[in-house]
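In: please find the sequence and the predicted model below.
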Amino acid sequence: MNRSQDLYINTPLGHQLSLTSFKPKCSNNKSIIISSATGVLQHYYFKFALYFSELGYTVYTFDYSGIGKSHFNIADLKQNTIDLKAWGENDQASIVNYAKSQNSEHKITIITHSIGGQILAFNKEISQIDTIITIASQSGYWKHWKGFERFKMFAFWYMLIPALTPIFGYFPAKKLGLFENLPKQMVYQWRRLGKHKDYLLSEFEFDDLQFKNYNKHLLVLSFTRDEFASKSSVDWLAQQFSNANVDRRHIVPNDLGISDVGHFGFFRNQFKASLWKMTHEWIENNS
């Protein structure tokens, strides 16, 4: 039987992160880190993590600071000063260091969902990662979308965040039925980036980011009918990995005989025999 263990680790910024480790019965000497989408609890990835641990991988999920078990209550969230950059530079990097400290001989794959791929830009431990898979990880610039989806992105950056965040002291995403609540400095920085066509590069110099320091295999996945990650937005992020060996795949579900995936479907159990199997085969072939 596979074992999962909940624990907390300390980070350089002085706060604790909630981490779940999934240890296989028989290890294949490979570890996987799952870096969540914005405001998505690590538990969302539980079945996906369990699937890979049953294949022999040691798997780690975690909550970013201010999310899920990595904060205590609303009062704590209001005092949280972490920003988007720190989610990569502090949180994601700390998980990579922890995984390496637990099994120094393991090859490490990081599987990112949405913003998890964006914050690789700030992860100074990126050279310790052996393979990267990004799932609908994208630029947040609103003009990458068309029609009503473009309007929704525009409204998110220009109306909802600036109107609601000062009132609550955090972004009240749960009240809107979107995702988990977000720390105010994180959401303010996210908004600034999303208003500009250069997204991350509107606030940071390319040479100061970590994209160029990753020169190994990268699988980039996007999906038709993904209202949060258009093909062009995913293309933009993939292009920043200038020295990586990029395998870019835009998935049309009908071509694979599967139902629509959208932005969140990839991690659902129904894709075990298709997308999850494909992911496993890619890791085996590239690490």
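Out: Perfect, I can see it now.
In: host element of the residue nearest in space to the middle of the chain?
Out: Centroid-nearest residue in the chain, with CA atoms, centre = their mean: Gly116, separated by 1.9 Å. Per DSSP states H and E: Gly116 is located in helix 115-118.
In: what's the next secondary structure element after that helix?
Out: Once the chain leaves helix 115-118, the next helix or strand it forms, by DSSP H and E, is strand 131-135.
In: what ranges do the strands span in the chain?
Out: 3-10, 16-23, 30-35, 58-62, 107-113, 131-135, 170-171, 182-183, 217-223, 245-251 (DSSP state E).
In: which strands and helices sit next to the last one?
Out: It refers to strand 245-251. Applying 3 or more CB pairs under 8 Å, 6 or more residues apart in numbering; DSSP states H and E, one finds that strand 245-251 contacts strand 217-223, helix 231-240. No exception for glycine: its C-beta is placed from N, CA and C like everyone else's.
In: just to revisit the earlier point, look up which residues are beta-bridged to the nearest residue to the residue nearest to the centre of the chain once chain neighbours are set aside.
Out: In this structure, Gly116 finds its nearest non-sequential neighbour in Ser35, 3.2 Å apart by CB to CB, 6 or more residues apart in numbering. With DSSP bridges as the criterion, Ser35 is bridged to Thr112.
In: can you give me the distance of Ser35 to Asp235?
Out: As judged by CB to CB, to the nearest Å, Ser35 and Asp235 stand 20 Å apart.
In: more crowded one of the two?
Out: Between Ser35 and Asp235, counting by other CB atoms under 10 Å, Ser35 is the more crowded of the two (32 against 16).
In: pretty sure that one contacts Ser114?
Out: No - assessed by CB atoms under 8 Å, Ser35 is found out of contact with Ser114, at 9.2 Å.
In: tally of neighbours for the residue nearest to Leu164 when sequence neighbours are not counted?
Out: Nearest non-adjacent residue to Leu164, counting by CB to CB, 6+ apart: Pro172, 5.8 Å away. Counted by other CB under 10 Å, the residues lying close to Pro172 total 17.
In: quick one: Pro172 and Ser53, what's the gap?
Out: 35 Å.
In: pLDDT value on Met1, please?
Out: Confidence at Met1, expressed as pLDDT, is 51.
In: residues near Arg225, how many?
Out: By other CB under 10 Å, the residues close to Arg225 number 11.
In: cool, thanks, signing off.
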